[in-house]
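Engineer: Predicted model and sequence below, questions to follow.
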Amino acid sequence: MALDRRLLDILCCPVSKVSVRVATAEEIDALNAAIAAGGIQDAGGNALTAPIEEALITTDSRTLYRIEDGIPVMLADQGIKSAQLERFPS
């Protein structure tokens with residue numbers, strides 16, 4: 001699903017205030033491989049177990065936010081730090 005460009009232009013990370021963009025298929029694949037391998041947590045400390053279909057990522061590639069049913073989940077405690085992912089595309 002494509003997000004409206006105007007919405008994407010105003011969204012930012014709620015913590016760092018860095019702009020976001022739509023995550024690429026390669027980034028989503030890397031995230032889902034890491035989730036499947038176990039040990040990936042969101043910023044709130046919750047283990048991620050289900051694959052993510054869509055996500056936004058900060059333009060500095062540090063934090064991902066999932067998109068559920070076309071709605072970005074931009075909550076600070078639900079961000080996913082890319083530093084915990086090995087071989088994350090940059």
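Structural biologist: Cool, the structure landed. Residues are numbered from 1 along each chain as shown.

Engineer: Please enumerate the strands of this protein.
Structural biologist: 20-22, 54-58, 63-68, 71-72, 80-81 (DSSP state E).

Engineer: And those strands: which comes nearest residue 36?
Structural biologist: For the strands of the chain, the distance to residue 36 is smallest for strand 80-81, at 14.1 Å, taking Cβ to Cβ. Every residue, glycine included, has its C-beta placed from N, CA and C.

Engineer: which neighbours does that closest one have in its sheet, and in what orientation?
Structural biologist: Sheet pairing here is set by DSSP bridges, and for strand 80-81 it gives strand 63-68 (antiparallel).

Engineer: Tell me where the model's unsure across this structure.
Structural biologist: 1, 90 (pLDDT under 70).

Engineer: biggest helix in it by residues?
Structural biologist: Secondary structure of the chain read by DSSP state H shows that its longest helix is helix 25-37.

Engineer: what's it packed up against?
Structural biologist: With contacts defined as 3 or more Cβ pairs under 8 Å, 6 or more residues apart in numbering; DSSP states H and E, the secondary structure elements packing on helix 25-37 are strand 54-58.

Engineer: So what angle separates the directions of the strand it packs on and strand 63-68?
Structural biologist: Relative orientation of strand 54-58 and strand 63-68, computed by axes from the mean of the first three to the mean of the last three Cα atoms, to 10 degrees: 150 degrees.

Engineer: From the chain's centroid, how far away is strand 54-58?
Structural biologist: Going by Cα atoms, centre = their mean, to the nearest Å, the spacing between the C-alpha centre of strand 54-58 and its chain's C-alpha centre is 4 Å.

Engineer: Please apply the same query to stretch 2-13.
Structural biologist: Worked out by Cα atoms, centre = their mean, stretch 2-13 lies 14 Å from the chain centre.

Engineer: then it to CSV, C-alphas only?
Structural biologist: Listed in CSV are the C-alpha atoms of stretch 2-13, where the atom choice follows Å, rounded to 0.1, in the frame of the first residue of the first chain:
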residue,chain,number,x,y,z
ALA,A,2,1.3,3.4,-0.9
LEU,A,3,1.1,6.1,1.8
ASP,A,4,-0.1,9.5,0.7
ARG,A,5,3.0,11.7,0.0
ARG,A,6,1.6,14.5,2.1
LEU,A,7,1.3,12.3,5.1
LEU,A,8,4.8,10.9,4.6
ASP,A,9,6.1,14.5,4.4
ILE,A,10,4.8,15.4,7.9
LEU,A,11,5.6,12.1,9.7
CYS,A,12,8.7,11.8,11.7
CYS,A,13,10.2,9.6,14.5
